[in-house]
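J.: Following is a predicted model, sequence given first.
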Amino acid sequence: MNVFVIGGAGYIGSHVVKALLKDGCSVTVYDNLSSGLEQNLFKNAKFVKGDILDYEKLLEASKGYDAIIHLAAFKAAGESMIKPEKYSVNNITGTLNILNAASVNEIKRIVFSSSAATYGEPSYLPIDEDHPKNPENYYGFTKLEIERFLAWYDQLKGIRFAALRYFNAAGYDPEGEITGLEQNPANLLPVIMEVAAGMRSELGIFGDDYDTVDGTGVRDYVHVTDLADAHVKALHYIDDKDESLTVNLGSENGLSVKQIVDAARDITGQTITANIMPRRPGDPAKLVASSKKANELLKWKANFSDVETLVKSSWNAYLANKK
């Protein structure tokens, strides 16, 4: 299959490209390198530098492909509450450009990196795909709106999609082939790694008074290699079945911020200074997935998402960049 991967030089995107190449696909990466890195590109994948907001370039570059994988949305939940304009333009307008280009170029398969942020504060756990969707941050709202656009383009244009609702992506390629670090990360584990590596002085823990096991927020961390595997499986599913699909991708296990920090201290041998900060607006206390649907339909499960692999593979990537 000939696959056009938008955002394929990024953290998750590079792992997806690796999985696609391993599956025998022909891959072209389309990325503006605003957060993606040339270091993350593979020699046996083509590369086009371009932006999803440049519709004419996107339209021309995406001609002749069997499928698109869309990983080009901004994703910092906290920032989205402060700069909604930025998220509106890139996430929503950019995605409409992708869908319109797919329609013109008659590309009938799209895999979209959605998010558990579409659910908001859980009314029950674990969260399944039928859970109410009430995003608590603007980022989650944009992801949910994109899913609705996808459903309409499916109905009107026959573009089949897989919307993959990630829980918390973490970890790095266990084989050590991908080591390009996220720039200005906002997610917990890379921030912890930056403190451990001496790249920042301390970690802020946003709230320790949640109704959780130790007062800190609990999240479902899923290894990026597991996510990459799900993209390949989802692509084959919509190709084989000619039907769209929306599934959660999580480990089905919850880990608190403090539990991740403690594991990182043990594995890295570093002190990792952490200070308690006020809660961030839009942060639910606990998010844990049910991935039953992905297990059943895609034959997918999280094989690398234990806390030791998450932390150790991340630390190895940071150590590789210190050499």
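T.: Happy to help now that I have it.
J.: Could you measure from His223 over to His15?
T.: 9 Å (CB to CB, to the nearest Å). Placement of C-beta: from N, CA and C, glycine included.
J.: And Ile6, by the same measure?
T.: From Ile6 over to His15 (counting by CB to CB), the distance is 15 Å.
J.: And those two? Which one has more around it.
T.: Neighbour count, other CB atoms under 10 Å: between Ile6 and His15, Ile6 has more, with 31 against 27.
J.: if I pick the more buried one, what's in contact with it?
T.: By CB atoms under 8 Å, 6 or more residues apart in numbering, Ile6 lies in contact with Tyr30, Asp31, Ile52, Ile68, Ile69, His70, Leu71, Ala72, Ile98.
J.: In TSV: the residues you listed, plus pLDDT.
T.: TSV is the format used below for these (pLDDT from 0 to 100):
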residue	pLDDT
Tyr30	98
Asp31	98
Ile52	98
Ile68	98
Ile69	98
His70	98
Leu71	98
Ala72	97
Ile98	98
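J.: burial of the closest residue to Ala294 other than its chain neighbours, as a residue count?
T.: Nearest residue to Ala294 in three dimensions, chain neighbours excluded: Val247, at 4.2 Å (CB to CB, 6 or more residues apart in numbering). Applying other CB under 10 Å, we find 27 residues neighbouring Val247.
J.: how would you label Val247: helix, strand or coil?
T.: Following DSSP: H, G, I helix; E, B strand; the rest coil, Val247 is assigned to strand.
J.: List the beta-bridge partners for it.
T.: Leu164 (DSSP bridges).
J.: can you pull the contacts of it?
T.: Going by CB under 8 Å, 6+ apart, Val247 touches Glu129, Ala162, Ala163, Leu164, Arg165, Ala230, Ala234, Ser291, Lys293, Ala294, Leu297, Leu298.
J.: Now intersect these with the strands, please.
T.: Ala162, Ala163, Leu164, Arg165 (DSSP state E).
J.: Can you mark which positions in stretch 203-213 are buried?
T.: The neighbour-count check on stretch 203-213 (16 or more other CB atoms under 10 Å) flags Leu203, Ile205, Phe206, Gly207, Asp208, Tyr210, Thr212 as buried.
J.: and these, which of them are in strands?
T.: Leu203, Ile205, Phe206.
J.: close enough to count as contact, the last one and Arg280?
T.: Yes: counting by CB atoms under 8 Å, Phe206 sits close enough to Arg280 to count as a contact (4.7 Å).
J.: Find the residue ranges of the protein scoring beneath the pLDDT cut-off.
T.: Counting by pLDDT under 70, the chain shows low-confidence ranges at 282, 323.
J.: just the strands in it please.
T.: Using DSSP E, the strands found in the chain span residues 2-6, 26-31, 46-49, 67-70, 109-115, 160-166, 168-170, 203-206, 218-223, 245-249, 254-256, 274-277.
J.: Give me the nearest residue to Glu243, chain neighbours excluded.
T.: Spatial nearest neighbour of Glu243, excluding adjacent residues (CB to CB, 6+ apart): Arg160 at 6.4 Å.
J.: Is it correct that Val104 is in contact with Leu59?
T.: Yes: the criterion here is CB under 8 Å, and Val104 meets it with Leu59 at 6.2 Å.
J.: Report the residue ranges of every domain in this protein.
T.: According to automatic domain parsing, the chain is divided into the following domains: 2-170+221-249, 188-219+252-317.
J.: which of the ones you listed sits most buried?
T.: Comparing the domains of the chain by mean neighbour count (mean count of other CB atoms under 10 Å), domain 2-170+221-249 ranks first with a mean of 20.
J.: and Asn321, what does it touch?
T.: Thr179, Leu181.
J.: if we go to 10 Å?
T.: Counting by CB atoms under 10 Å, 6 or more residues apart in numbering, Asn321 touches Gln39, Thr179, Gly180, Leu181, Ala197, Met199.
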